[in-house]
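Colleague: here's my sequence, what's the structure:
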Amino acid sequence: MEEVQSVQALATKLGALPPEYVRSEHERPGVTTFREGDAPEIPVIDMAAPGFVARMAEAAAEWGLFQVVNHGVPGAAVAELQRVGREFFALPQEEKERYAMDLASGKFEGYGSSLKPDHGGKKPWADFFFHNVAPPTMVDHDIWPKNPTDYREANEEYCRHMQRLTRELFGYLSAALGLEEGAMFEAFGGDDMLFLQKINYYPPCPEPELTLGVSPHTDMSTLTVLVPNEVQGLQVFKDSHWYDAKYVPDALVIHIGDQIEILSNGRYKAVLHRTTVSKEKTRMSWPVFVEPPMEHVVGPHPQLVTDESPAKYKAMKYKDYRHCKINKPPTM
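Modeller: The predicted structure is shown next:
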């Protein structure tokens, strides 16, 4: 296993931010965040309200991100997911290290900090733990924490709700494009889609106005479903500004990823987002990334390609898309 340069451990020793975490002025959240009182609100969509599908499609097209309430995921399942995640990160460092990522063997699941500095040479102020939760053929329970003892039970229960909810979301977003409700689900690999559970851990930072928890990026996935804690941090880029995605109790945050933008031929937009950190409080989030199988080909849906709207994206295997994206710095 590789040694983890833990930000959580580093944060207990610092009075000032090390230079490898200090962002250039044009990236710093204290300078670039839109703070005026009339900032537009990121959509919060009640899935029990009439007309919510149209609102969801509009948000996917304009923001690439929205929050959902009355989504059918039990609060108890969310609370258990958060509890076991908090308990894992409260373990002694040497115990967390038992689950460290083993990059030398090509395994990218496990506990770690930044894989590498971003394109600007800066490190994010975050640790993480991630692993596959579905389908069963892609799950390695040896990577999952044994402590807390009910970690597996909580994650498997939550994953069952994610599989149901994401299939519903694919159906709504498909229908709003004029496609069959099952179009996205099938186009992304159906029951073979990969569900990747991640825990992001952003400890208190001595100079939060100078750094970021996560650099600006869009998700490679089809979509991402995220549970935040109550500490503000997620920001969305729209119309040349960064906006806070305000915490909404009991809401799930839905990110449109690159694969939905590709399949929709650009009608839905993958959201450019980043994460800020706090001086006094720990921020945590629990995203689930839903990805096509590696050998699966994704491209614009044939029904959305016409003479008036030609294909804007090249169809390719998801593994090839990942390779291109990982090796190409993001642009804004």
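
Colleague: all contacts plus neighbour counts: C-alpha atoms, from now on.
Modeller: Noted.

Colleague: where in the stretch 151-300 of the chain is pLDDT low?
Modeller: Flagging of the stretch 151-300 of the chain using pLDDT under 70 yields an empty set of residue ranges.

Colleague: show me where it has helices.
Modeller: Assigned by DSSP state H, counting those that start in this stretch, the helices in the stretch 151-300 of the chain fall at 151-176, 183-187, 258-263.

Colleague: name the stretch among those helices that sits most buried.
Modeller: Most buried of these, by mean neighbour count (mean count of other C-alpha atoms under 10 Å): helix 258-263, with a mean of 26.

Colleague: just how off-centre is it within its chain?
Modeller: Here helix 258-263 shows a centroid-to-chain-centroid distance of 15 Å under the convention C-alpha atoms, centre = their mean, to the nearest Å.

Colleague: then stretch 87-102?
Modeller: 21 Å.

Colleague: how long is it end to end?
Modeller: End-to-end distance of stretch 87-102: 22 Å, with C-alpha to C-alpha, to the nearest Å as the criterion.

Colleague: list the buried residues of that stretch.
Modeller: Under the neighbour-count criterion of 16 or more other C-alpha atoms under 10 Å, stretch 87-102 has 88-89, 96-97, 99-102 buried.

Colleague: swap in stretch 126-144?
Modeller: 126-134, 139, 143-144.

Colleague: dump these into TSV; add distance to Tyr21 and pLDDT as well.
Modeller: Converted to TSV, those look like this (distance: C-alpha to C-alpha, whole Å; pLDDT from 0 to 100):
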residue	distance to Tyr21	pLDDT
Ala126	10	96
Asp127	13	96
Phe128	17	96
Phe129	20	97
Phe130	22	95
His131	26	97
Asn132	29	98
Val133	31	98
Ala134	34	98
Val139	33	97
Ile143	29	94
Trp144	29	97
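
Colleague: now, among the buried residues of stretch 87-102, which is nearest to Gly233?
Modeller: Gly233 lies nearest to Phe89 out of those, by C-alpha to C-alpha, at 18.7 Å.

Colleague: secondary structure class for the residue lying closest to the closest one once chain neighbours are set aside?
Modeller: Counting by C-alpha to C-alpha, 6 or more residues apart in numbering, Phe89 lies nearest to Lys96, which is 7.4 Å off, once chain neighbours are set aside. Under DSSP: H, G, I helix; E, B strand; the rest coil, Lys96 falls in the helix class.
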